[in-house]
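Enquirer: Based on what follows, work out the 3D shape:
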Amino acid sequence: MKWEEITVNVGEEAKDAVINLFYEAGANGVVIEDTKTWETYEEEGLWDVFESPQEVLDAENVLVKGYLPDDEFLRERLRDFRLKLELLSDYFTDYNADLSLKKIEDEDWETNWKGYYKTEKIGERIVISPSWENYEAKEEELVIKLDPGMAFGTGKHPTTEHTLRFMEKYIKPGDKIIDAGCGSGILSIAATKLGASKVLAVDNDPTAIKIAKRNVLENGADGEVEVCVNDLLTAIQGTFDVIVGNLIADLIVVLLPQAKNILRTGGLVIVSGILDKKIKRVEDSMSENGFEIIDQKLDSEWYTLVGRKI
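Expert: Next comes the predicted model:
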């Protein structure tokens, strides 16, 4: 099926009215590109980083996109949409709305990304291989079969890569591990490959939990890894040797005081997802919660830290 992509460039004050027009025209949803909203999320600590083309970042207006099926009703729907768009000028001062159209083909959006994801070796022994590829492991290699789906964690991002490298360096056979914010489950599976006797994988996203469980099962690690929904380390009991968290700086600051209560003395936290502009805050939190930083890596503005509980 073909679709008509309709883009309206409009001022912030008329944004909601334009969104409503899309729904009246029959769109099931809209895409909103509004840099002011993104900047607010960043200021409030909800996002650490966002990427977008420079022309979008420089735009003063908001872009609202909607999609209608290219069928026998499209022409009439577009005529009605244009008319209502013009009528909005009666309600807003300095109103101006630019409309553009583009034909797009229906695609398999959920699976096309697989073409960009290939087998990759990380560190000395760990190999990440997509579940749909047949990879023959070489001697000493630890292969993780992974289908990241919609969850974060493929091993290709610097934060995941350096967490895996530090895990390879510091995890010892028999260790008990927590993977806080487990995403696809890649770190939990790696921990078992490295000899961990028990891994607790937690995430507050039910979709991530579903994907992590599937990957754990695919790798035959379901005997060592328990996967469950949880908010970081809240209410977790017991004593652990290593806690890994591929998160963002603001969540790591929340994680560290929780971690000190369930780590043994000398236990380690391996945390990543820290932008260089926020490293001081995490370093201060490490010190305040009784951790000494024993290792670190900076790659493409992202820090990964290893802290030891004193």
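Enquirer: Show me where the chain has its strands.
Expert: 2-10, 30-33, 62-69, 97-105, 120-122, 126-130, 142-146, 176-180, 198-203, 225-229, 240-246, 263-275, 291-299, 302-309 (DSSP state E).
Enquirer: where in the stretch 51-200 of the chain is pLDDT low?
Expert: For the stretch 51-200 of the chain, the stretches with pLDDT under 70 are 51-59, 106-116, 148-156.
Enquirer: Recalculate using a threshold of 50.
Expert: Along the stretch 51-200 of the chain, the parts satisfying pLDDT under 50 run over 150-151.
Enquirer: Run through who's touching stretch 227-237.
Expert: Stretch 227-237 is contacted by residues 178, 180-182, 185, 188, 200-206, 209, 212-213, 216, 243, 245, 251, 254-255, 258-259, 262 when judged by C-beta atoms under 8 Å, 6 or more residues apart in numbering. In short, each C-beta sits where N, CA and C put it, glycine included.
Enquirer: Buried ones from the residues you listed, can you make that a ChimeraX selection?
Expert: The buried residues among those can be selected in ChimeraX (16 or more other C-beta atoms under 10 Å) with this line:
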select :178,180,181,182,185,188,200,201,202,203,205,209,212,213,216,243,245,251,254,255,258,259,262
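Enquirer: Comparing the strands of the chain, which comes out most buried?
Expert: Highest mean neighbour count among the strands of the chain (mean count of other C-beta atoms under 10 Å): strand 176-180, with a mean of 27.
Enquirer: neighbouring strands for that one, and are they parallel or not?
Expert: Partners of strand 176-180 in the sheet, by DSSP bridges, are strand 198-203 (parallel), strand 240-246 (parallel).
Enquirer: Can I get the ones you listed in JSON lines including distance to residue 310?
Expert: JSON lines is the format used below for the strands paired with strand 176-180 (distance: least, C-beta to C-beta, whole Å):
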{"stretch": "strand 198-203", "distance to residue 310": "23"}
{"stretch": "strand 240-246", "distance to residue 310": "15"}
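Enquirer: out of the ones you listed, nearest to residue 164?
Expert: Between residue 164 and the strands paired with strand 176-180, the shortest gap by C-beta to C-beta is with strand 240-246, which sits at 9.4 Å.
Enquirer: Could you figure out how far the closest one is turned away from strand 263-275?
Expert: Angle of strand 240-246 versus strand 263-275, following axes from the mean of the first three to the mean of the last three C-alpha atoms, to 10 degrees, is 10 degrees.
Enquirer: Thank you, goodbye.
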